[in-house]
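Engineer: Show me how the following folds:
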Amino acid sequence: MNKNFIYGIASVKKGETLIGYIEKGSWDWGGTKAESVDVEAEQVPDAPVLTLVQKNSQISPTFNLIQLGYENLQKVLGGTLVETGSGGNKKVTGWKAPSSLVELRDKWTITFVSGQTMTIANGTILANLGGKLTLTEVSKVECQLKVNKPADGGAPYEINDTAG
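Structural biologist: Prediction:
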């Protein structure tokens, strides 16, 4: 594979667990540009004499989760699973929305078809049930992944060759 290009979502994991299918064409990096302040001098009218960098660029991916099994709903929305049966016959038969404030924070891994993997050490997922309820499209969970500074102070995210 040509590692000069990044394309295609092969999988998205929260922790070590796949979260389900992502709607085609819905992934958007949602980034912000770096912020800076230009220092101007009266004696130099044609360009700044110095640029002070205030903030690095950031990513905040948005995407739509369309595989809405009850376990997948819980992974991105929180809440609790409804189980019926007992012992070895327990079966997940539903999901209940959270009744209190939810903060879902974890490691995120996005594997690209092009042969690289992005690791976000500390990501917070914000999500809501969205889309339309029709016979021509599926409902979805609209997600935004906020990339936070890792507890160890390392890089907020990295991209490496996919292992194996």
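
Engineer: Can you say which helix or strand has the spatially closest residue to residue 148 that is not a sequence neighbour in it?
Structural biologist: In space, residue 148 comes closest to residue 122 once its chain neighbours are excluded; the distance is 4.4 Å by CB to CB, 6 or more residues apart in numbering. For the C-beta atoms, the positions are set from N, CA and C on the backbone; glycine is no exception. In the assignment (DSSP states H and E), residue 122 maps to strand 116-130.

Engineer: Give me the sheet partners of that strand and which way each runs.
Structural biologist: Using DSSP bridges, strand 116-130 pairs in its sheet with strand 104-112 (antiparallel), strand 140-147 (antiparallel), strand 157-161 (antiparallel).

Engineer: Tell me which of the ones you listed approaches residue 32 most closely.
Structural biologist: Nearest of the strands paired with strand 116-130 to residue 32, taken as CB to CB: strand 140-147 at 10.8 Å.

Engineer: ok, now how distant is the residue lying farthest from the centre of the chain from residue 37?
Structural biologist: Largest separation from the mean C-alpha position in the chain: residue 43, at 47.2 Å (CA atoms, centre = their mean). Separation of residue 43 from residue 37 (CB to CB, to the nearest Å) stands at 19 Å.

Engineer: Then residue 52?
Structural biologist: For residue 52, the distance to residue 37 - CB to CB - is 5 Å.

Engineer: secondary structure class for the closest residue to residue 7 other than its chain neighbours?
Structural biologist: Counting by CB to CB, 6+ apart, residue 7 lies nearest to residue 114, which is 4.8 Å off, once chain neighbours are set aside. On the three-state scheme (DSSP: H, G, I helix; E, B strand; the rest coil), residue 114 is labelled coil.

Engineer: which residues touch residue 114?
Structural biologist: With contact taken as CB atoms under 8 Å, 6 or more residues apart in numbering, residue 114 is in contact with 1-3, 5-8.

Engineer: Can you read off the pLDDT for it?
Structural biologist: Note for residue 114: predicted pLDDT of 95.

Engineer: Give me the most central residue, this protein.
Structural biologist: residue 145 (3.4 Å).
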